[in-house]
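Asker: build the 3D model from these lines:
(one chain, ligands or ions: 2)
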Amino acid sequence: MTLHYDVDAVVLDIEGTTSATGFVVDVLYPYSRSRFGALLSERSDDPDVARAVAQVREEIGEPDADDVRIEKALNAWLDEDRKATPLKTLQGVIWSEGFARGDLVSHFYDDVVPALRAWHAAGVRLYVYSSGSVAAQRAWFASSPEGDLLPLVSGLYDTENAGAKQEPESYGRIAEATGFAPERLLFLSDRPGELDAARAAGWQAVGIRRPGEPYYEQGVGDHAQAGTFDEITVSRSTT
Ligand SMILES: CSCCC(=O)C(=O)COP(=O)(O)O
Ligand SMILES: [Mg+2]
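Answerer: Residues are numbered from 1 along each chain as shown. Ligands and ions are numbered 1, 2, ... in the order given. Below is the predicted model:
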């Protein structure tokens, strides 16, 4: 079945939606894990690193935590796949440098890039809202197997500039930032809690269920759902 939406913009989750969780966990996570120590010891003056370290100390309730303790906390969050903002900030620093260096190339499911190109060509704006930091998102879209996809994207949102993905207020902030009415925004995500939050903020929402992804079995509750982006068409009426 094809789902059709008349909207001004589509807002994309990354992991589990445009891209495979397995790739993030198997490729990106080890890449960051092996570099946290050097980042903490050698780049403590970097404003992003300093801000993230302060946030880790606050989150673990240890104002005097040293680099070893910070690294331990980051690795524990990695192990439990906790999408803590300071973890994502530090990963974003490491990954964006890895993409720029050519160590990393991002992953998109086969159906995604053709759909993004078609939706963009139809005049529909594309935005990203991911737990991955804006720096990571920018590098991810710039370094795809199909080249630089950033020209397709009008804006990037993360848990730092928009807020937590399971809170309706975050979607309200994004709607305000884009200038579009909530009901003219379509959010695509694999996580039911995120879809619930988007809907509570007045957005349209579709759950993406891809076999093998962590949320596939759980499903997306009573949200409309699609197995691939091929099952979704979007247009943007001007009236
Ligand atoms: C380019 S972001 C890398 C993936 C990541 O770390 C992440 O947390 C993505 O989570 P999402 O909110 O997109 O499911
Ligand atoms: Mg996701």
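Asker: which ones are touching the closest residue to A175 other than its chain neighbours?
Answerer: In space, not counting the residues next to it along the chain, A175 is nearest to P182; the distance is 4.7 Å by Cβ to Cβ, 6 or more residues apart in numbering. For every residue, glycine as well, the C-beta is placed using N, CA and C. P182 makes contact with Y171, G172, A175, A201, G202, W203, according to Cβ atoms under 8 Å, 6 or more residues apart in numbering.
Asker: may I ask which of those has the most neighbours?
Answerer: Among these, the one with the most neighbours (other Cβ atoms under 10 Å) is Y171, at 27 neighbours.
Asker: assumed it was part of a helix.
Answerer: Yes. Counting by DSSP: H, G, I helix; E, B strand; the rest coil, Y171 is located in a helix.
Asker: which strand residues bridge A205?
Answerer: A205 has these beta-bridge partners by DSSP bridges: F187.
Asker: burial check on it, number of neighbours?
Answerer: Counted with other Cβ under 10 Å, A205 comes out at 24.
Asker: residue numbering should commence at 209 henceforth.
Answerer: Sure, I'll start counting at 209 from here, so that last one is A413.
Asker: domains of the protein?
Answerer: 211-227+314-443, 233-309 (automatic domain parsing).
Asker: tabulate the ones you listed (a markdown table), appending mean pLDDT and distance to ligand 2.
Answerer: Below are these laid out as a markdown table (pLDDT from 0 to 100; distance: least, Cβ to the ion, whole Å):
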| stretch | mean pLDDT | distance to ligand 2 |
| --- | --- | --- |
| domain 211-227+314-443 | 98 | 4 |
| domain 233-309 | 97 | 9 |
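Asker: what about the strands in this protein?
Answerer: Counting by DSSP state E, the chain has strands at residues 211-214, 217-220, 333-337, 361-365, 393-397, 412-416, 432-434, 440-443.
Asker: so how far is the second one off the chain centroid?
Answerer: Taking Cα atoms, centre = their mean, to the nearest Å, the mean C-alpha location of strand 217-220 is offset from the chain mean by 12 Å.
Asker: would you mark the buried spots in stretch 213-227?
Answerer: 213, 215-227 (16 or more other Cβ atoms under 10 Å).
Asker: oh sorry, the question was meant for stretch 295-306
Answerer: Neighbour-count burial for stretch 295-306 [16+ other Cβ under 10 Å]: L295, K296, T297, L298, Q299, G300, V301, I302, W303, S304, G306.
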